[in-house]
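Peer 1: Fold the following.
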Amino acid sequence: MKFDLAILGYGVIGVESLYALVSEGKKRKLNVAVIEKETKNIPGGVAYSKESSKFGFFNNPLRLSHPFFQKWINKKQNKNKIINFIKKNQDYHLDEWLENNFDNLMKKQVSKEIYFPRLVYSFYLEEKILETVKLSKKSKIKIFWFNGELDKIKFEDNNLELKPKSIFESFDLNLRKGNSEIVKKKKYIKFLNTKKIIIGNGLLPPKKIEFSNKNSSKNYIWDFYSEGGTNNLLKKIRLLKRKRKKILLTFIGNKAGLLETTLQMKRLINIQKVDLYINVISSKFATLNKAEFSRNFKKFKLAYFNTKKLNKIKKAKDILFILKKEFLNAKSKGFNKYDVWTTVLKKNILEKSISKLNLKEKQKYNFSIFPKIRNITRFTYSKPISAKESLERNKKINWIRGKATSIKYDKKNLFIKINGKKFIRSDLVINVSGPVDLKQLNKETNFIKSIKERYINKVDKRGFITNKNFMLTKQIFMPGIIAYNFNPSRQTIIKAITNNSRKVIKFILSTSSIN
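Peer 2: Numbers count the residues shown, from 1 in each chain. Just a heads-up that it's a prediction; the model follows:
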């Protein structure tokens with residue numbers, strides 16, 4: 001069978017794309033293939049499933065979430081679902097969070113500054129999936145589900161041949177409210193053919209580090225998030241605890257991945273009395289900033305991003321220049337950067353500023369100015385940062401400036417070479433160095449490599465160069481973070497990819513090249 005559309009990944013992009021398709025294209029006769037690498041992550045994907053995001057929190061408050069999610073979270077039955085889940089699942093360690101936020105959840109409208117556990121989004125997506133299946137039964141759209149890892153794309157005229165790493169296995173998605181079940185059909189397929197594909201994978205993995213005798217050790221976590229996040233790390237620590245009194249962890253990288261683990265590391269040390277020490281190898285020690293307002297935040301007003309200044313913006317660099325002026329002015333008056341950034345987002349300042357630029361300047365903004373703005377506006381939930389600071393005060397974290405160049409396994413230990421010179425010993429190594437630069441990507445993701453080699457002129461280190469509809473070619477759409485222009489106005493990732501997915505479907509349905 002040749003499919004009209006294949007959707008790679010059934011996380012946020014996959015769920016939102018398929019929902020938009022059956023909602024808006026129900027009168028179209030279409031065959032759609034949905035390919036998911038890990039069915040255990042339905043619903044939620046790597047970032048939001050109950051298993052892989054077990055101990056993670058959103059980096060941003062509810063205020064910055066998609067409006068549909070904000071509306072969903074304020075329904076009484078959904079608040080009760082969250083509360084009941086936490087009470088029934090003590091191993092998620094969310095009792096303290098619930099105690100701190102219970103009164104807030106009982107309000108008709110919860111505070112928009114609340115930070116939810118990431119797994120809450122899987123409840124929201126589950127309802128979307130239920131509605132999608134329900135709508136599809138009343139439409140001419142036929143959905144086929146496949147489990148497997150895409151390895152390579154073979155390009156032909158008006159056709160893409162999708163080859164799996166081993167096989168694609170067909171399955172049924174049986175859903176009932178509050179429960180989901182994957183039923184394998186034991187029908188194996190060697191490849192799939194499709195006219196178009198929406199690529200909905202999440203973060204690219206870290207760059208591969210040279211590793212001798214890798215198969216001899218299970219204590220190296222290369223891709224922290226896709227391998228199970230903090231939950232997977234805790235399982236490995238429990239195994240080590242049976243054999244060793246003192247455990248030494250080494251993190252390669254020091255930003256979001258490291259921060260996600262700190263609450264549980266602090267719990268292991270302070271409550272479970274595990275003798276645990278942490279090395280952090282990084283070329284820079286700067287981390288994400290606490291998302292905290294100044295005491296006088298309600299009195300804060302932007303000084304330079306006003307209508308007069310916005311109308312004068314002609315160059316991409318002007319946006320960064322004015323933002324930096326706002327930061328300096330705020331500091332001089334006793335405010336902080338988060339006050340500025342919150343106000344900029346609330347007033348859609350970046351979106352308004354970008355709209356003043358011509359096409360050439362918009363390209364300059366995406367390529368060079370956006371990364372600089374991102375680097376100075378990375379704020380996150382304050383609790384993990386406070387936990388990291390507590391670990392530092394108690395001398396449980398040792399910072400090592402440098403770059404991990406190779407890892408080797410010798411008997412029961414891992415040894416990490418730093419800057420190509422000295423080695424340090426570790427019981428467990430966790431790579432949280434961040435996604436590989438797309439231009440450097442070589443061994444990390446084969447199917448991305450096959451696209452990159454085919455369209456080498458459409459690749460920047462920040463991503464594939466797609467158009468305003470996130471189209472790389474007439475066959476390939478990328479609404480997620482592997483597109484360089486997926487989120488120029490610095491919305492939250494989840495909000496950006498939700499909007500982008502719907503935009504892609506609207507465009508695909510408007511073209512005559514799909515049945």
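Peer 1: Could you export stretch 88-103 as CSV, keeping only the C-alpha atoms?
Peer 2: The C-alpha atoms that make up stretch 88-103 are tabulated as CSV, following Å, rounded to 0.1, in the frame of the first residue of the first chain:
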residue,chain,number,x,y,z
LYS,A,88,-2.1,6.7,43.8
ASN,A,89,1.4,6.9,42.5
GLN,A,90,3.7,7.7,45.5
ASP,A,91,6.8,6.6,43.5
TYR,A,92,6.5,9.8,41.4
HIS,A,93,7.5,11.8,44.5
LEU,A,94,4.9,14.5,43.8
ASP,A,95,3.4,14.8,47.3
GLU,A,96,5.3,18.0,48.1
TRP,A,97,4.4,19.6,44.8
LEU,A,98,0.7,18.7,45.4
GLU,A,99,0.8,20.0,49.0
ASN,A,100,2.3,23.3,47.7
ASN,A,101,-0.2,23.7,44.9
PHE,A,102,-3.4,22.0,46.2
ASP,A,103,-5.2,25.2,47.2
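Peer 1: show me what contacts K439?
Peer 2: V459, D460, K461 (C-beta atoms under 8 Å, 6 or more residues apart in numbering). For every residue, glycine as well, the C-beta is placed using N, CA and C.
Peer 1: what does the model give it for pLDDT?
Peer 2: pLDDT, K439: 79.
Peer 1: Likewise for N469?
Peer 2: Value listed for N469 in the pLDDT field: 94.
Peer 1: And what about it, helix, strand or coil?
Peer 2: coil (DSSP: H, G, I helix; E, B strand; the rest coil).
Peer 1: Would you confirm that it contacts V504?
Peer 2: Yes: with contact defined as C-beta atoms under 8 Å, N469 reaches V504; the gap is 6.4 Å.
Peer 1: ok so, going back, just the buried residues of the contacts of K439.
Peer 2: V459 (16 or more other C-beta atoms under 10 Å).
Peer 1: Can you flag which of the contacts of K439 belong to strands?
Peer 2: Of the contacts of K439, the ones assigned to strands by DSSP state E are V459, D460.
Peer 1: Can you add pLDDT and distance to K495 and give the contacts of K439 back as TSV?
Peer 2: Listed next are these as TSV, based on pLDDT from 0 to 100; distance: C-beta to C-beta, whole Å:
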residue	pLDDT	distance to K495
V459	89	26
D460	84	23
K461	78	24
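Peer 1: I'd say I141 and G25 touch.
Peer 2: Yes: taking contacts as C-beta under 8 Å, I141 lies within contact range of G25: 6.6 Å.
Peer 1: What is the least confident helix or strand in the protein?
Peer 2: strand 179-189 (a mean of 66; mean pLDDT, DSSP states H and E).
Peer 1: picking that back up, can you tell me which of the contacts of K439 comes closest to E351?
Peer 2: The nearest member of these to E351, counting by C-beta to C-beta, is D460 at 21.7 Å.
Peer 1: Let me see the contact set for the closest residue to the closest one other than its chain neighbours.
Peer 2: Spatially, and ignoring its direct neighbours in sequence, D460 is nearest to Y484 (5.1 Å; C-beta to C-beta, 6 or more residues apart in numbering). For Y484, the contact set (C-beta under 8 Å, 6+ apart) comprises N366, F367, D460, R462, G463, F464, I465, T466.
Peer 1: For the residues you listed, please prepare JSON lines with the additional fields distance to F55 and secondary structure.
Peer 2: Listed next are those as JSON lines, based on distance: C-beta to C-beta, whole Å; DSSP: H, G, I helix; E, B strand; the rest coil:
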{"residue": "N366", "distance to F55": "34", "secondary structure": "helix"}
{"residue": "F367", "distance to F55": "36", "secondary structure": "helix"}
{"residue": "D460", "distance to F55": "34", "secondary structure": "strand"}
{"residue": "R462", "distance to F55": "29", "secondary structure": "coil"}
{"residue": "G463", "distance to F55": "29", "secondary structure": "strand"}
{"residue": "F464", "distance to F55": "32", "secondary structure": "strand"}
{"residue": "I465", "distance to F55": "36", "secondary structure": "coil"}
{"residue": "T466", "distance to F55": "34", "secondary structure": "coil"}
